[in-house]
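Participant: structure, please.
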Amino acid sequence: MRFVLLFVCAATVGVSLHAAENAKELSRKARRAEKTGDAAAAYLYYSTAAALAPNNKEYWTRSQALRAQALLQSKFITPADGPEVERPDEKPSFLRSITLEELEDVKRLQPPTELRGAQGKKEFDVFAEPRELYRKVAEAFDLAVVFDNDYQPGKPFRLRISEADYREVLRILNMTSGSFVVPITERLFLVAKDTVPKRQELEPMMAIAIPLPEPVSVQETQEVARAVQQAMDIQRLVVDSTRRMVLIRDKVSKIIPAQALFEQLLYKRPEVVVDVEFIEVVENSSLDYGLRLQTSFPLVWLGKLANVVSTIPTGYAFATFGGGLSTFGIGLTDAELFASMARASSRLLLRSTVRSTNGQPASLHVGEKYPIMTSGYFGAVEGTGEVFTPPPSFNFEDLGVVVKVTPYIHGDKDVTLEVESEFKVLAGDSINGIPVVASRKFQGTVRVAQGQWAVISGLLRTSEVKSITGLAGLSQLPGLGPLFRQNSTRKEFSQTLLVLKPRLVIPPPTEAVTDSVWTGAEGRPRIPI
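Facilitator: Numbers count the residues shown, from 1 in each chain. Purely as a prediction, here's the structure:
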């Protein structure tokens, strides 16, 4: 808005001038205004002269060089263009909403123009005062230079450089002459004395908005924002949790390194990949051998009494006494010699990989959600009309393996893991129609070497059952006892292991090569050119 007002004023001045005044007269008035320190009037005269003589590039370049000073002296400058003033009612916290005016600043205060000089490296060996050195460097790299009104000629010195591009040469000139360069266009730059007032006056402002990645919490963003603000002494820094955005507004020499520092602290966080293996081994075996003998001998009456007929059990052979004259018989059956063996083994292996950043939990569920009815109506329905029966309610259990891992990285060697693991299966039994769920759970903190497997939890279960069945007395005889009894052995062995192996994907900042950011000295920050 301020540029429109200045150009309107320039047009008004141009209309009110006498028709006899031409571009040269306006340029002379601009020089006199420039000498008296009236940058706003000089800018208006040069702008009008450039409009009357568009082929004369000198008028236009000088107006562009005076534009920043004219804006500062103009009465149309808005409060947003001035230095930041901390209001007493503002909270010290960075967490608040970004206003629409601040979002407009992001669109308006874009990064400044960078110089685009001639490519290639050149050599210089010139002895002259700073103004002449800047002119020779600009001419060598096809650039144009203008100087601030307060820039006075300095003491001559020798500039001797070999194989350097225009950025390197201008940096060296800045340091040796105590000056700083502000790009105006891609081919034009302004040179001024490197003082705090001049930097406040001429260095451009810049505003940026940095989006926050989803895994990063608002609290972590506030900590990073506080570190960046203290390191770079940023005037305006806002963390908007609703938009998940960070707004930074300050001088361009601070914004560019602040953005690089913020992104390194926020985005380049250490990450670890954890290989998870859940192993369950079950072995069952059974052994049965011996002699199965008859342990009961039925005594049956074989005679007749009146019309009563005795009942003879089936499957038995009867032995009678007295040559068949007896009316009683004893049931006999065949003995059975047997031997059988059975063995079964099973192995369950669940293998997966989870990835997480330092201090952020990662969850893994391998299995299914099984519905288990927790309540229902099972009473009788009475009455002739419709009776309301409430629907049953269910609870879904996570069957299978559930693992939650929170890594904490220590350099490039060890990783501390906070592990919560649970293994749930159906036990095969039920109570009142509700299945029983068998659960095995582990929760703890371990420190594991990076790149090595480690068993962090395990469960070993062994059972053995022996049973003996046979004739009382005969089955207990030494030596001959096993021949008159049944021997049965049952063995069961199960082992459950939870094995983890962490692997670093992105090392911590202390172990990685970070991007370098050149900020310059504290009193002489580096402006991009």
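
Participant: which parts of the chain are helices?
Facilitator: Applying DSSP state H to the chain gives helices spanning 2-16, 23-35, 39-52, 57-73, 100-108, 130-140, 166-177, 196-202, 218-232, 252-267.

Participant: give me the helices and strands touching the fourth one, please.
Facilitator: Put plainly, it is helix 57-73. Here helix 57-73 touches helix 2-16, helix 23-35, helix 39-52, strand 144-147, strand 188-193, helix 196-202, going by 3 or more C-beta pairs under 8 Å, 6 or more residues apart in numbering; DSSP states H and E. All C-beta spots, glycine's among them, are computed from the backbone N, C-alpha and C.

Participant: need those in TSV (columns: mean neighbour count and distance to residue 394).
Facilitator: Formatted as TSV, those follow (neighbours: other C-beta atoms under 10 Å; distance: least, C-beta to C-beta, whole Å):
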stretch	mean neighbour count	distance to residue 394
helix 2-16	13	67
helix 23-35	17	85
helix 39-52	24	78
strand 144-147	19	79
strand 188-193	22	74
helix 196-202	14	69
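
Participant: just put these in TSV and tack on distance to residue 276 and mean pLDDT.
Facilitator: Listed next are the helices and strands packed on helix 57-73 as TSV, based on distance: least, C-beta to C-beta, whole Å; pLDDT from 0 to 100:
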stretch	distance to residue 276	mean pLDDT
helix 2-16	61	37
helix 23-35	74	81
helix 39-52	69	78
strand 144-147	64	89
strand 188-193	59	90
helix 196-202	56	85
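
Participant: so can I have TSV of the ones you listed showing distance to residue 522?
Facilitator: Shown next, in TSV, are the helices and strands packed on helix 57-73 (distance: least, C-beta to C-beta, whole Å):
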stretch	distance to residue 522
helix 2-16	31
helix 23-35	32
helix 39-52	29
strand 144-147	26
strand 188-193	18
helix 196-202	11
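
Participant: residue 371 is nearest to which of the ones you listed?
Facilitator: Of all the helices and strands packed on helix 57-73, it is helix 2-16 that lies closest to residue 371, at 67.9 Å by C-beta to C-beta.

Participant: spit out the contact partners of the nearest residue to residue 188 once chain neighbours are set aside.
Facilitator: With sequence-adjacent residues excluded and distances taken as C-beta to C-beta, 6 or more residues apart in numbering, residue 188 is closest to residue 144, at 4.6 Å. Residues near residue 144 by C-beta atoms under 8 Å, 6 or more residues apart in numbering: 57, 61, 138, 187, 188, 189.

Participant: one more time with 7 Å, if that's ok
Facilitator: With contact set as C-beta atoms under 7 Å, 6 or more residues apart in numbering, residue 144 has these partners: 61, 138, 187, 188.

Participant: considering these, which possesses the most neighbours?
Facilitator: When neighbours are counted by other C-beta atoms under 10 Å, residue 138 leads the contacts of residue 144 with 22 neighbours.

Participant: where's the closest residue in space to that one that isn't next to it in sequence relative to residue 119, distance?
Facilitator: Leaving out its chain neighbours, the residue that sits closest to residue 138 by C-beta to C-beta, 6+ apart is residue 145, at 4.2 Å. Here the criterion is C-beta to C-beta, to the nearest Å. By it, residue 145 lies 19 Å from residue 119.

Participant: do residue 255 as well
Facilitator: 27 Å.

Participant: the closest residue to residue 408 other than its chain neighbours: neighbour count?
Facilitator: Nearest residue to residue 408, sequence neighbours excluded (C-beta to C-beta, 6+ apart): residue 416, at 4.2 Å. By other C-beta under 10 Å, the residues close to residue 416 number 14.
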